[in-house]
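**Q** sequence first, predicted model second:
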Amino acid sequence: MAETDTLPFEVGARTGGTGSETGTLLILDDAQRDRIGELVAGLLQTVTGTLDSSAWLEAARAVSVLLPPELRTALRRFRHDAGTDGVLLIRNLPVGTSLPPTPTSPDSVERNPTTAAAAITTAMLQLGEVIAYRNEKGGALVQNVVPVPGREGQQSNAGSVRLEMHSENAFHPNRPDHVGLLCVRDDPTGGARLTTSSVRRAVPLLPDATRRVLSEERFMTEPPPSFGGPGGVTPNHALLRGALEDPDLLVDFAATHPLDERAAGAMTELGDALAASTVAHRLRAGDLAVVDNRLAVHGRTAFTPRYDGTDRWLHRVYTALDYRRSRPDREAGQSVLR
């Protein structure tokens, strides 16, 4: 597994493979960061209500189109084609000063607008509509990813053991298209890393016979612990979906189960191929990592929390490209899905 403090690519860099960008890194300069800070401050001062209110989201959409053009361009290019790695990293976003201690309560979320919560929301609105899930952290649109005492061994955002690679909410028929992770406070131990790997790098490593098995409906997936316990599972599904030459990926290595022996072998081969191209990224305060949830899986390395208020703290936001598609799951047309 490769390990970097920065992603090994720059905006506009192109290589072989699919012929598209292998990935994108955008480092905002201080003037751009300050401009975003001004826009966010104005939003916080003029709009009342919680982050989950339709009025606040509407105001955030208006601010989103005023973000620095370099940031909007990077986000729109990524929306069009996430490249070979399916990851976009934006550095130097404002997250505020005088931060409170890192939360430690279960199901921690952000309901009240803050600099960091407004920054990630306005940026992610350039990719699609912000969504959440009623059974996950109470349907909050901005969720905290923090270690929680007593949940160290969970395969969830509250744990601190190695988090298996996964498509976000792989069991749900209306999964998010993008997952945004904004680092509010980086891990003081340096042990925590966001891990990512892409189907566009893994599939060329697989034999044709394995790809055929992975493209058949021979797998099922359970909900993660963050959805509050037992629930429904997906209908039988394939792990590789869509175009044969450039498929999407749907798998959670902690919750997806093969339904026969050959499927189990193919899933193991897929895991090995993804591991061969996995990159571990250390996120620092102000870094926003966006993962294309159709092309890339993500996870986290193990780390040791301190529970002293200084632990790693991320904000998480989901977006959907086709908002209308999920309308049957969104009560009263709001942003929260069943």
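**A** Perfect, I can see it now.
**Q** tally of neighbours for Leu240?
**A** Residues near Leu240, counting by other CB atoms under 10 Å, number 24. To be clear about C-beta, it is placed using only N, CA and C from the backbone, and glycine gets the same treatment.
**Q** equivalent analysis for Lys137, please.
**A** Look at Lys137: counted by other CB under 10 Å, it has 21 neighbours.
**Q** contacts only, for it.
**A** 107-109, 143, 226 (CB atoms under 8 Å, 6 or more residues apart in numbering).
**Q** by neighbour count, which of these wins?
**A** Within the contacts of Lys137, neighbour counts (other CB under 10 Å) peak at Gln143, which reaches 24 neighbours.
**Q** re the thing from before, restricted to helices, list the contacts of Lys137.
**A** In helices, judged by DSSP state H, none of those are found.
**Q** among those residues, which one lies nearest to Pro94?
**A** Gln143 (19.4 Å; CB to CB).
**Q** hmm, Trp313 and the closest one touching each other?
**A** No: assessed by CB atoms under 8 Å, Gln143 is found out of contact with Trp313, at 11.4 Å.
**Q** circling back to that earlier point, rank the contacts of Lys137 by pLDDT and give me only the lowest.
**A** Lowest pLDDT within the contacts of Lys137 is found at Ser226 (65).
**Q** tell me how far stretch 104-121 lies from the chain's centre.
**A** Going by CA atoms, centre = their mean, to the nearest Å, the spacing between the C-alpha centre of stretch 104-121 and its chain's C-alpha centre is 15 Å.
**Q** next one: the nearest residue in space to Leu244 that is not next to it in sequence from Leu240, what distance?
**A** Once flanking residues are discounted, Leu244 sits nearest to Ser215: 7.2 Å by CB to CB, 6 or more residues apart in numbering. According to CB to CB, to the nearest Å, Ser215 and Leu240 sit 5 Å apart.
**Q** overlap in contacts of these two?
**A** Taking CB under 8 Å, 6+ apart as the contact rule, Ser215 and Leu240 both touch Pro247.
**Q** avg pLDDT for the helix or strand containing Leu274?
**A** Assigning secondary structure by DSSP states H and E places Leu274 in helix 261-276. The average of the pLDDT scores along helix 261-276 is 98.
**Q** got it, and stretch 302-310?
**A** 96.
**Q** and for stretch 92-99?
**A** Throughout stretch 92-99, pLDDT has a mean value of 95.
**Q** any idea how far it is from the chain center?
**A** With CA atoms, centre = their mean as the basis, stretch 92-99 stands 20 Å off its chain's centre.
**Q** so for it, what gets flagged as buried?
**A** 92-96 (16 or more other CB atoms under 10 Å).
**Q** give me the low-pLDDT residue ranges for the stretch 201-338 of the chain?
**A** Applying pLDDT under 70 to the stretch 201-338 of the chain flags the ranges 225-226, 228-233.
**Q** now do 50
**A** Along the stretch 201-338 of the chain, the model assigns pLDDT under 50 to residues 230.
**Q** Glu331 contacts Arg338, correct?
**A** Yes: here Glu331 reaches Arg338: they are 7.1 Å apart, a contact under CB under 8 Å.
**Q** any common contacting residues for those two?
**A** Arg134.
**Q** and the helices in the stretch 101-250 of the chain, which stretches?
**A** Remark: helices assigned in the stretch 101-250 of the chain by DSSP state H, counting those that start in this stretch are 115-124, 199-202, 208-214.
**Q** just those helices: most buried one?
**A** helix 115-124 (a mean of 26; mean count of other CB atoms under 10 Å).
**Q** list the helices and strands that helix packs on?
**A** helix 30-46, helix 54-64, strand 142-145, strand 178-185, strand 288-292, strand 313-320 (3 or more CB pairs under 8 Å, 6 or more residues apart in numbering; DSSP states H and E).
**Q** want to throw the buried residues of stretch 92-99 into CSV with secondary structure?
**A** Converted to CSV, these look like this (DSSP: H, G, I helix; E, B strand; the rest coil):
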residue, secondary structure
Asn92, coil
Leu93, coil
Pro94, coil
Val95, coil
Gly96, coil
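**Q** so who does the residue nearest to Leu244 touch?
**A** Applying CB under 8 Å, 6+ apart, the residues near Ser215 are 238-241, 244, 247.
**Q** cool, and Asp34?
**A** Each residue near Asp34 by CB under 8 Å, 6+ apart is listed here: Pro94.
**Q** from Gly333, how far off is it?
**A** 36 Å.
**Q** export the helices and strands packed on helix 115-124 as a markdown table, with columns for distance to Asp252.
**A** Output for those, formatted as a markdown table (distance: least, CB to CB, whole Å):
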| stretch | distance to Asp252 |
| --- | --- |
| helix 30-46 | 33 |
| helix 54-64 | 28 |
| strand 142-145 | 16 |
| strand 178-185 | 13 |
| strand 288-292 | 14 |
| strand 313-320 | 15 |
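**Q** looking at those, which is closest to Thr114?
**A** helix 30-46 (7.7 Å).
**Q** and that closest one, what's buried?
**A** Within helix 30-46, the residues scored as buried using 16+ other CB under 10 Å are 32-33, 35-37, 39-40, 43-44.
**Q** with pLDDT as extra columns, can I get these in a markdown table?
**A** Converted to a markdown table, the buried residues of helix 30-46 look like this (pLDDT from 0 to 100):
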| residue | pLDDT |
| --- | --- |
| Gln32 | 98 |
| Arg33 | 97 |
| Arg35 | 98 |
| Ile36 | 98 |
| Gly37 | 97 |
| Leu39 | 97 |
| Val40 | 96 |
| Leu43 | 95 |
| Leu44 | 93 |
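**Q** alright, I will stop here.
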